[in-house]
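In: The following comprises the amino acid sequence and a computationally predicted model.
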Amino acid sequence: MKKYWVFLALVLIVAFGCKQRVVTQPEGQQPGQQQQEMKAAEKIQEQKVASVAPEDVSGKYLETSGMFEDILFDFDKYDIKPQYKTVLQSVSSWMTKNSSPKLSVEGHCDDRGTNEYNLALGDRRAKAVKDYLLSLGVPSARIDTISYGEEKPLCTDQNEECWSKNRRAHFVVLNKGK
Amino acid sequence: MNRKYKVQGSGFKIPAYIFLLLTMHCLQFAAADAKVYIDITSPAVRKLPIAIYDFDGPAGQEISETIRNDLTFTGLFMYIDKASYIEAFSQPFNPKNWTPLGIEAVVKGSSLGEKDLTVTVTLYDTFDGKEILKKQYQTGKELVRQLSHSIANDIYKALTGMHGVFRTKIAFVAEDEREKSIYIMDWDGHRIKKLGLKGTLVLTPHWSPDGTKIIYSSERGRQWGIFLLDFLKMTEKRIFTSRGTNMAGDFFPRGDSFVFSSTKDGTPDLYIFDMGDNKSKKLTSSYGIEVSPAVSPDGSRIAFVSDRGGSPQIYLMRSDGSDVRRVSFEGSYNTSPSWSPNGDRIVFSCRRGKNQICVVKPDGTELFQLTEYGNNEDPSFSPDGRYITFSSDRDGIKGIYIMRANGEAQKKITPRGLKAFGPRWSPN
């Protein structure tokens, strides 16, 4: 009985055992033929790529920047450092006194690291600031967040002084009327 | 008892004998196959010495130069300078003129026409003394580079048995007068074309599996949306937007859905967007950051970046969000994963002081660092898995580079003045 199994195994090896090389025959080649017949010429074409005009989605608010100090963060961090709590308190009290404008909190990063990861990190920074303002009583509906990651640096030198300025949450006051 | 012994005995002898026969049978089988001049699957490839004449006729030199650059970059060919050819271009091919020089393949060609070119190419095998490729190509003069790349593809196919990538493209983002825009160029950096999507912030584009579309994220009006650009229809469409940050993303192999990262429900998590019913489905829920998803070539798994362990690292999960496990362990900052076309490697950006390009097997073993100088980011494989494109600031300003998948032959392909990043190699 065992003999038959051995035989069967051998038959299978003979049939499928040789590793087939995945190599295609060069076009038009016949074994032993020295001169090749010329086939019809290949037409080289290419899909045309035109320019596309993007849709217009300009904002509907008047933007005022620079009313409040930026909140700065440590590298790859999104927790708010204690020294910025007074800035956030002044933002909160201004928002209470002025009831109509909205506030946009922009999250930014330095340019070390990947664009996508930095965009996520900037989002966390902006949200951390928003959360702190919510805890001070600013209504959620009045605060928007947006991350710019490393896309809009304040400063473009490659040193820590510059990087630390870029790792920021920036405030923009939005007034209706555009 | 006796019989049993006999069976055991013959069971030992017969296979040994048959094995010998089998080996010969296999050899015969291999011989019947087409001749393989370069076995590119072999770990130590010997470079094939090839002669490529300046083609006769209009644009002849440009065609030859393009073919030489294409073949040389593969690392599989050694171009032998035309100064050493004994045979004049006009003389008929004679293998005796080539074998003493060690040259194994010869390319001759000529072009005709002014506005429309007709190019005839012949590839000779000097050992067998025969033509192995003879073909004609026709095109308008403005497509002379594509024509040259097509010839290089055919020569590559004839000598390696594999498809070349010389007609592929690279999509990327570049900054021009402080405006970011999506660009497309040939894989060798020629014919850079700016798509008119300017005045906005744009992130890395991602190709659809059939190469007819790209998706990308763009910020417009204080919102990050995901946009689809269709090259056949030449239309741009916003396919997803919400409050917060939305980042595309990577297509599934069927091309009708993609995975993306969004903060629409709070923290950056991963979602699948179905382009059939325009619905999104949440895949991950963690307190941390989940970004940069990359779908495996068979669609079964997703590699992504998460900071759930305290620092950004590469993770892997099934496409339904289950079975999450960590892939990268070395270093405190690993991002931008991208798959090799057969799914056996993940290339990513690894921080070793500065950002470098690393490759690893999906099970986390066989980690290799491929770059050394400057910051290197956004790696992606060519469709044949033999090359990688990435961005680097090693010469002071970010630009697009290509290299072989083992890190050899790193070269910048975008012009010096152009700040460029986020390259993605087209699938075809």
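Out: Everything's here; your move. Numbers count the residues shown, from 1 in each chain, chains lettered A, B, ... in the order given.

In: Where does residue B:124 sit, in terms of helix or strand?
Out: Using DSSP states H and E, residue B:124 sits within strand B:116-125.

In: which element is residue B:147 on?
Out: Secondary structure from DSSP H and E places residue B:147 in helix B:144-160.

In: Alpha carbons of that helix, as CSV, please.
Out: The C-alpha coordinates for helix B:144-160 follow below in CSV (Å, rounded to 0.1, in the frame of the first residue of the first chain):
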residue,chain,number,x,y,z
VAL,B,144,8.6,61.4,-28.1
ARG,B,145,9.5,60.8,-24.5
GLN,B,146,6.5,58.4,-24.0
LEU,B,147,7.5,56.7,-27.3
SER,B,148,11.1,56.3,-25.9
HIS,B,149,9.8,54.9,-22.6
SER,B,150,7.6,52.4,-24.5
ILE,B,151,10.6,51.2,-26.4
ALA,B,152,12.5,50.9,-23.1
ASN,B,153,9.6,48.9,-21.7
ASP,B,154,9.7,46.5,-24.6
ILE,B,155,13.5,46.0,-24.3
TYR,B,156,13.2,45.5,-20.6
LYS,B,157,10.4,42.9,-21.2
ALA,B,158,12.4,41.0,-23.8
LEU,B,159,15.4,40.8,-21.5
THR,B,160,13.9,40.3,-18.1
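
In: Which other helices and strands does that helix contact?
Out: Packed against helix B:144-160, as judged by 3 or more CB pairs under 8 Å, 6 or more residues apart in numbering or on different chains; DSSP states H and E, are the following elements: helix B:60-73, strand B:105-112, strand B:116-125, strand B:130-140. Every residue, glycine included, has its C-beta placed from N, CA and C.

In: Go ahead and name everything in contact with the helix or strand just after that helix.
Out: Following helix B:144-160 in sequence order, the next helix or strand is strand B:169-176 (DSSP H and E). Residues outside strand B:169-176 that contact it (CB atoms under 8 Å, 6 or more residues apart in numbering or on different chains) are B:180-187, B:194, B:198, B:202-205, B:207, B:214, B:389, B:391, B:400, B:402, B:413-414, B:418-426.

In: Would you mark the buried spots in the strand holding residue B:124?
Out: B:117, B:119, B:120, B:121, B:122, B:123, B:124, B:125 (16 or more other CB atoms under 10 Å in any protein chain shown).

In: is it possible to export the residues you listed to CSV including pLDDT and distance to chain A?
Out: Formatted as CSV, those follow (pLDDT from 0 to 100; distance: CB to the nearest CB, whole Å):
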residue, pLDDT, distance to chain A
B:117, 93, 9
B:119, 96, 9
B:120, 96, 8
B:121, 97, 10
B:122, 97, 8
B:123, 97, 8
B:124, 97, 10
B:125, 95, 10
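
In: Name the nearest of the residues you listed relative to residue B:245.
Out: residue B:117 (48.7 Å; CB to CB).

In: and that closest one, what does it touch?
Out: Applying CB under 8 Å, 6+ apart, we find residue B:117 in contact with B:58, B:59, B:111, B:137, B:138, B:139, B:140, B:141, B:144, B:147.

In: How about residue B:304?
Out: By CB under 8 Å, 6+ apart, the contact set of residue B:304 is B:261, B:270, B:284, B:290-294, B:314-317, B:337.

In: That one - that's part of a helix, no?
Out: No - Residue B:304 sits outside any helix when classified using DSSP: H, G, I helix; E, B strand; the rest coil, being strand.

In: which residue packs closest to it, ignoring adjacent ones?
Out: residue B:293 (4.4 Å; CB to CB, 6 or more residues apart in numbering or on different chains).

In: just checking, that neighbour is part of a helix?
Out: No - counting by three-state DSSP, residue B:293 is located in no helix; its state is strand.

In: ok, it - contacts?
Out: When contacts are taken as CB under 8 Å, 6+ apart, residue B:293 is in contact with B:249, B:250, B:259, B:260, B:261, B:270, B:302, B:303, B:304.
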